[in-house]
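okay, predicted coordinates and the sequence, questions at the end:
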Amino acid sequence: MKKLFTTILTLVAFLTVASVTYAGPPQSRRRADGRRLEFKAALSGAQEVSPPAPVGGVVTEATGSVKVEFDKALTKAEFKLKVFNGVDVIVAHFHCAPAGVNGPVVAFLFPFNPAGVDVNGTLASGTLTNADIIATSGDPCGVPINNIASLAAAMLDGRIYANAHTIAHPAGEIRGQILVSGGPD
């Protein structure tokens, strides 16, 4: 009887934890005001990954932030990427990989500019659609990404990061893992 009680208690605990941690599909994650949940990241050199970054990341004065919001139908994503103290920024992307791992590009945020630009504020903003997604699957993404809905799902799983690349650090100068933002700015 004691073993049955322990088994039932363990099962109830597991189901309770599972129901709390499962967030549901992206379209079910809405703020109380009915708007989509937002995703945000703070970008820094310390989040760059070795190799090719030095151990401990890239030493830089640059920092940044990105904010992403998906429409209710998951057909587009609006983004704003800010870079502060950015020198010679040549390109910025969303990549697919968990924190601490380098991964493939899934969408351009700022197009390649070989001359680089200096920036201290908004580097890029716009709207991504399915046509902007560069399809990828397998390692290190762990999930296929081929449209806006799958990009949203990957963000919910913590598998998307933003990266700004510079002439001095073409593999990436500042990086930030995208996370769900539960409240207003």
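Received the coordinates, thanks.

can you pull the buried residues of the lengthiest strand in the chain?
Determined from DSSP state E, the single longest strand within the chain is strand 76-96. Across strand 76-96, burial judged by 16 or more other CB atoms under 10 Å covers 77, 79-83, 86-96. The way it works is simple: take the backbone N, C-alpha and C, and place the C-beta from them, glycine included.

give the contact list for T129.
Applying CB atoms under 8 Å, 6 or more residues apart in numbering to T129 gives the contacts 75-76, 148.

make TSV from these and add distance to G176 to it.
Below are the contacts of T129 laid out as TSV (distance: CB to CB, whole Å):
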residue	distance to G176
T75	25
K76	22
I148	20
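
just the residues you listed now: which is nearest N102?
Nearest to N102, judged by CB to CB, of those is I148 at 23.2 Å.

that closest one: how many residues sit nearby?
Neighbour count of I148, defined by other CB atoms under 10 Å: 24.

got phi/psi on it?
Main-chain dihedrals, I148, degrees, to the nearest 10: phi -60, psi -40.

with the one 4 residues further on instead?
Here the main-chain torsion angles of A152 (degrees, to the nearest 10) amount to phi -60, psi -40.

if I look at it, how far off is N85?
According to CB to CB, to the nearest Å, A152 and N85 sit 30 Å apart.

which regions of this structure lie under the pLDDT threshold?
For the chain, residues meeting the criterion pLDDT under 70 lie at 1-37, 182-185.

residue ranges of the helices in it, please?
Secondary structure of the chain, counting by DSSP state H: helices at 2-21, 148-156.

tell me which other helices or strands the last one touches.
Spelled out, it's helix 148-156. Packing partners of helix 148-156 (3 or more CB pairs under 8 Å, 6 or more residues apart in numbering; DSSP states H and E): strand 63-70, strand 76-96, strand 105-110, strand 117-129.

show me the contact partners of that helix.
So helix 148-156 is contacted by 23, 25-26, 29, 39, 68, 70, 74-77, 94, 96, 106-107, 128-130, 133, 141, 143-145, 160, 178, 180 (CB under 8 Å, 6+ apart).
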